[in-house]
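>>> Predicted model and sequence follow; I will ask about them next.
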Amino acid sequence: MQGFGIHKGELFVALGVIITLLVMVFPLPPIVLDLLLSFNITFSLMILLVSLYTIRPIEFFIFPSLLLVTTLFRLSLNVASTRLILLHGYEGMEAAGRVIRSFGNFVVGGNYVVGGIIFLILVVINFIVIIKGSTRIAEVAARFTLDAMPGKQMAVDADLNAGYIDDMEARKRRAALAREGEFYGAMDGASKFVRGEAMAGILIMAINILGGLIIGVAQHGMTIGDAAQTFSLLTIGEGLVGQIPALLVSTAAGLVVSKAASEASLGDEYAAQFTLKPQAMSVAAAIIFLIGLVPGLPHIP
């Protein structure tokens with residue numbers, strides 16, 4: 001591939017985008033959908049872990065474009081699973097694969113009312129709490145980064161003129177400043193993709209349930225109760241299996257944009273700063289001990 005000027009990384013990214021678009025168009029067998037849904041959860045978890053171990057936001061420079069790609073991939077899986085549910089949902093819970101069936105039966109106990117409530121709670125947590133906060137942080141960070149950039153560039157020029165750094169170091173610092181401004185500017189726009197996906201998830205859920213009822217009753221002779229039970233559980237299973245990766249990626253976005261200047265990973269910073277004032281832990285332990293003396297509260301939760 002080197003002879004054609006194509007690197008392996010570029011090839012994988014191009015194939016990933018093409019596969020994502022093909023998933024939207026062509027019907028998938030349930031086993032392939034299971035593999036893609038499992039990969040979606042695994043990849044989202046990997047993004048979250050990388051964001052935890054990232055020291056500076058600029059180290060994860062591809063994150064804005066990664067947000068767009070992962071959002072498009074999750075939406076393509078929504079389209080593929082919706083196609084399977086509406087075409088074969090009347091056949092039973094195995095119609096859309098084992099992953100969706102497991103989330104519809106095991107995770108919510110086969111109760112579509114409970115599943116719908118859990119799905120809405122996850123959407124509220126993701127949309128109102130995490131995405132809205134991350135979007136606001138990205139907006140403020142982009143504004144302050146761009147406002148502070150002329151002063152930082154003047155500081156680099158001053159260090160260069162004073163002889164503290166050489167030309168090579170000055171170019172590196174200017175490039176780092178430019179990348180930082182581009183990163184926060186891109187994050188400001190990329191967070192809108194995740195926000196729109198959360199709204200699309202609610203609409204897809206409503207369309208699936210309504211369309212499933214019409215198809216099950218009118219075309220396949222199912223009773224309204226059976227159609228509601230089957231298509232609602234499949235739809236809720238699809239919603240949950242898509243909402244959990246979205247929640248992981250949104251949390252990763254919040255962690256990346258909220259990182260301040262630091263020389264250590266997030267876990268190391270937490271451990272160092274929480275143990276900085278040990279008297280706070282002592283006071284918290286004493287308060288919890290006193291609360292435990294209240295009659296009726298369990299001593300071993």
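Nice, I can see it.

>>> use CA for all of it now, contacts and neighbours both
Fine.

>>> what's the distance between residue 55 and residue 255?
With distances taken as CA to CA, to the nearest Å, residue 55 is found 11 Å from residue 255.

>>> who's more crowded, the two?
Ranked by neighbour count (other CA atoms under 10 Å), residue 55 and residue 255 place residue 55 first, with 22 against 19.

>>> Let me know whether the more buried one touches residue 267 as I believe.
No - contact between residue 55 and residue 267 fails when scored by CA atoms under 8 Å: they sit 10.0 Å apart.

>>> which residues do residue 55 and residue 255 both contact?
Contact criterion CA atoms under 8 Å, 6 or more residues apart in numbering; residues shared by residue 55 and residue 255: none found.

>>> just the helices in the chain please.
Under the criterion DSSP state H, the chain contains helices at 8-25, 30-53, 63-88, 98-102, 112-124, 132-162, 167-214, 224-258, 266-274, 278-292.

>>> which one of these lies closest to residue 298?
helix 278-292 (7.3 Å; CA to CA).

>>> so how far is that closest one off the chain centroid?
35 Å (CA atoms, centre = their mean, to the nearest Å).

>>> can you pull the buried residues of stretch 15-35?
20, 23, 24, 28, 30, 33, 34 (16 or more other CA atoms under 10 Å).

>>> Spatially, and excluding backbone neighbours, which residue is closest to the third one.
Spelled out, it's residue 24. Leaving aside its sequence neighbours, residue 24 sits nearest to residue 76 (CA to CA, 6 or more residues apart in numbering; 4.9 Å).

>>> how near is residue 30 to residue 131?
Where residue 131 is concerned, residue 30 sits at a distance of 31 Å (CA to CA).

>>> Give me the spatial nearest neighbour of residue 94, chain neighbours excluded.
Nearest to residue 94 is residue 101, by CA to CA, 6+ apart, at 6.3 Å.

>>> Identify the residues contacting that neighbour.
93, 94, 233, 234, 237 are the contacts of residue 101 under CA under 8 Å, 6+ apart.

>>> Determine the number of other residues adjacent to the residue nearest to the fourth one when sequence neighbours are not counted.
Just to be clear, that refers to residue 234. Distances taken as CA to CA, 6+ apart put residue 104 closest to residue 234, at 6.0 Å, once the chain neighbours are dropped. By other CA under 10 Å, the residues close to residue 104 number 27.

>>> And for residue 298?
9.

>>> Next up, the contacts around it.
Taking CA under 8 Å, 6+ apart as the test, what residue 298 contacts is residue 292.

>>> Could you find the closest non-adjacent residue to the spatially most central residue of the chain?
Nearest to the geometric centre of the chain sits residue 249, at 1.8 Å (CA atoms, centre = their mean). Leaving aside its chain neighbours, residue 249 sits nearest to residue 44 (5.7 Å; criterion: CA to CA, 6+ apart).

>>> quick one: that neighbour and residue 286, what's the gap?
39 Å.

>>> what about the two, which has more around it?
For residue 44 versus residue 286, the count of surrounding residues by other CA under 10 Å is larger for residue 44: 20 against 12.

>>> what about this protein, any weak spots by pLDDT?
For the chain, residues meeting the criterion pLDDT under 70 lie at 1-9, 260-265, 299-301.

>>> Please tell me how far the residue nearest to residue 249 sits from residue 115.
22 Å.

>>> One more: residue 93?
15 Å.

>>> and if you look at residue 179?
On the measure of CA to CA, residue 179 and residue 115 end up 43 Å apart.

>>> Those two: who's more crowded?
residue 115 (24 against 14).

>>> who touches that one in this structure?
Neighbours of residue 115 in contact, by CA under 8 Å, 6+ apart: 104, 108, 233, 236, 237.

>>> who wins for neighbours among those residues?
Within the contacts of residue 115, residue 236 tops the neighbour count with 31 neighbours, counted by other CA under 10 Å.

>>> which residues touch it?
So residue 236 contacts 103, 104, 112, 115, 116, 119, 205 (CA under 8 Å, 6+ apart).

>>> Can you tell me how far it is from residue 85?
Relative to residue 85, and taking CA to CA, residue 236 is found at 11 Å.

>>> So what does residue 296 look like in phi/psi?
As for residue 296, its main-chain torsions (degrees, to the nearest 10) stand at phi 100, psi -20.

>>> Noted, bye for now.
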